[in-house]
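# structure for the following, please:
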Amino acid sequence: MESLLRDIFLEKKNSMIKKSIVSIFALIFCVISCSKDSDDNSIGFLSENDKVLSLKVHNDARAEVGVPNLEWSDKLAQDALNWAKVMAEQEEMFHSSNESRPGQGENLYYWCCSTGEIETFSSTPGTDASVLWYNEISDYTYAVIGSPLNADVMIGHYTQIIWSTTTEVGIAKWKSASGKMFVAARYSPPGNVIGQFPY
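Predicted coordinates for the structure are as follows:
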């Protein structure tokens with residue numbers, strides 16, 4: 001009887017050890033898989049939270065000057081993603097040509113940050129970019145685009161955000177091989193028309 005109880009106990013113990021090992025391997029697989037997914041550059045669209053917050057920054061800025069809200073455009077976000085990939089491949093932030101994006105305006109941003117060998121990135125790069133663009137308001141003097149009143153300051157990102165006839169925006173991101181995070185925003189119709197007021 002004692003031998004039978006010992007065998008049952010050992011069988012249960014071995015079964016528990018096997019289940020624990022399977023659970024540990026499943027957990028390790030999940031951690032590797034999940035961290036790979038979260039860092040996978042094939043997912044270059046903003047998270048839902050980042051999309052909502054980015055759009056809020058834009059629309060709060062527009063409300064301040066009394067122009068209608070922007071709507072999110074998945075098509076513009078796809079075009080923005082395509083351009084973010086180009087910048088990441090070339091490891092450089094630069095504007096696309098007007099001819100390559102007919103009917104679209106463009107705002108750009110990039111971020112590279114590391115602590116030692118650990119890369120640290122915001123979970124809301126679209127929002128961070130939008131806030132940075134909005135902050136150009138502190139240098140902006142209300143005037144037509146191209147006015148000497150704004151000749152020595154960077155204000156074009158802000159004026160694109162608040163451009164009264166722009167109705168849609170899409171934003172995306174892509175990380176380069178060196179670890180830079182590139183953010184591109186596309187707007188339709190485009191703003192920053194020389195000689196015109198933003199609103």
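# where does the chain dip in pLDDT?
Within the chain, the stretches with pLDDT under 70 are 1-43, 113-120.
# measure Ser122 to Ser176 for me?
16 Å (Cβ to Cβ, to the nearest Å). Where you see a C-beta, it was placed from the backbone N, CA and C, and this is true even at glycine.
# quick check: Ala129 is in a helix.
Yes. Applying DSSP: H, G, I helix; E, B strand; the rest coil, one finds Ala129 inside a helix.
# and it, how many neighbours?
By other Cβ atoms under 10 Å, 28 other residues sit near Ala129.
# higher neighbour count, Ser122 and Ser176?
Ser176 (19 against 13).
# the more buried one against Glu91, yeah?
Yes. Contact status for Ser176 versus Glu91: in contact at 5.3 Å, counting by Cβ atoms under 8 Å.
# helices of the protein, residue ranges please.
2-38, 48-65, 74-90, 125-134, 156-162 (DSSP state H).
# is Thr127 in contact with His58, as I believe?
No. Using Cβ under 8 Å, Thr127 makes no contact with His58, being 10.1 Å away.
# buried residues, stretch 88-99. List them.
Neighbour-count burial for stretch 88-99 flags Ala88, Ser96 (criterion: 16 or more other Cβ atoms under 10 Å).
# got the end-to-end distance for it?
One end of stretch 88-99 to the other measures 21 Å (Cα to Cα, to the nearest Å).
# who touches it?
41, 83, 86-87, 106, 108-110, 174-178, 180, 182 (Cβ atoms under 8 Å, 6 or more residues apart in numbering).
# hmm, 7 Å instead?
Trp83, Met87, Glu106, Leu108, Tyr110, Trp174, Lys175, Ser176, Ser178, Lys180, Phe182 (Cβ atoms under 7 Å, 6 or more residues apart in numbering).
# can I get these in a markdown table with distance to Ser47?
Listed next are the contacts of stretch 88-99 as a markdown table, based on distance: Cβ to Cβ, whole Å:
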| residue | distance to Ser47 |
| --- | --- |
| Trp83 | 19 |
| Met87 | 20 |
| Glu106 | 22 |
| Leu108 | 20 |
| Tyr110 | 18 |
| Trp174 | 14 |
| Lys175 | 14 |
| Ser176 | 19 |
| Ser178 | 23 |
| Lys180 | 19 |
| Phe182 | 16 |
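# which one (most neighbours) among those?
Phe182 (29 neighbours).
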